[in-house]
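Student: Structure, please.
(chains A, B and C)
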Amino acid sequence: MPSTIRQSLEDVYGFLFCSNLLDDIARAGVFHKVAAGQIIIDVGDGVKGIPMLISGAIKVMRVDPEGDELLVYFLEKGDSCAMTLSCFSGEMRSSIRAVAEQDTIMVNVPMTEVSTWMSKYPAWANFVLESFGVRLNEMLDAVDALAFLNLHDRVQRHLIEKVKLHGSTELSTTHAEIASDLHTSRVVISRVLKQLEKEGVVDLRRNRIEVLEF
DNA sequence: ACATTAAGTGATT
DNA sequence: AATCACTTAATGT
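Tutor: Numbers count the residues shown, from 1 in each chain, chains lettered A, B, ... in the order given. Now for the predicted structure:
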């Protein structure tokens, strides 16, 4: 078991980190297997470390006081989450909700190690800073989409994102779920999807959307 | 066959 | 683009 964990770390992060650091991660990191749909962290939860994805995908979203959600970005294999990095000093609570988009394997690195390795391993410092930057940019993309794109284009973007993420043009999702991701109502998603179907962009069936054009 | 859940649609704001 | 108030279609028991 530990050897397979060490091996998957090697597979995903080996090109970035030396074997000493990989050993440290394997030793100090806490491994989690999360089933699709499961909430990994919720608004208000204490943040105990930074997650590093081994496989699968995680949906990161904002939640309004009524409990309605808005997708911010996805995390994939090799990604880390920047929001948790802002919890460096002191006890800070999560400002986002993270849900497993697929079955996911990840390792959680405790905050204490995150900071000691910053000075010990340049590659680690680089990784942390860079992933912070990438998250920030993805967040700006999400803001842009919200501010500048009409719903039609937002839906299309979202579908393409999902296709890339799942590595398949067959998406098993519902109109209601997309509506929740984009923070709108199911009825308008159904209408937008009907429109996209007329344009030949998608093929619609119950619980299934096939993206034909992207 | 019946109940439940997903999706389609016209009308209204 | 949102909401209401249905209708229709697909699926599970």
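
Student: How much space separates A:L75 from A:N20?
Tutor: 26 Å (CB to CB, to the nearest Å). All C-beta spots, glycine's among them, are computed from the backbone N, C-alpha and C.

Student: Looking at the two, which has the bigger crowd around it?
Tutor: When A:L75 and A:N20 are compared for neighbours, A:L75 comes out ahead with 26 against 10, by other CB atoms under 10 Å.

Student: What strand or helix carries that one?
Tutor: Using DSSP states H and E, A:L75 sits in strand A:69-76.

Student: Note down every partner strand of that strand and its orientation.
Tutor: In the sheet, strand A:69-76 lines up against strand A:57-63 (antiparallel) (DSSP bridges).

Student: List the contacts of A:I41.
Tutor: Counting by CB atoms under 8 Å, 6 or more residues apart in numbering, A:I41 touches A:V47, A:S94, A:I96, A:R97, A:A98.

Student: Isn't the fourth one up against A:M61?
Tutor: What that stands for is A:R97. Yes. Counting by CB atoms under 8 Å, A:R97 does reach A:M61; the two are 5.3 Å apart.

Student: List the residues that are in contact with both of these two.
Tutor: A:E69.

Student: In three-state terms, label the residue nearest to A:V155 when sequence neighbours are not counted for me.
Tutor: Sequence neighbours aside, A:V192 is the residue nearest to A:V155 in space, at 4.9 Å (criterion: CB to CB, 6 or more residues apart in numbering). Secondary structure for A:V192, judged by DSSP: H, G, I helix; E, B strand; the rest coil, is helix.

Student: Can you give me the neighbour number for A:V192?
Tutor: 22.

Student: and what of A:K162?
Tutor: When counting by other CB under 10 Å, one arrives at 21 neighbours for A:K162.

Student: Identify the spatial nearest neighbour of it, chain neighbours not counted.
Tutor: Using CB to CB, 6+ apart and skipping residues adjacent in sequence, the residue nearest A:K162 is A:L171, 5.4 Å away.

Student: so what's that neighbour up against?
Tutor: A:L171 sits next to A:L159, A:K162, A:V163, A:R208, A:I209, A:E210, A:V211 when contact means CB under 8 Å, 6+ apart.

Student: Please spell out the PyMOL selection for the buried subset of the residues you listed.
Tutor: For the buried members of these, the matching PyMOL selection, counting by 16 or more other CB atoms under 10 Å, is:
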select buried, chain A and resi 159+162+163+209+211
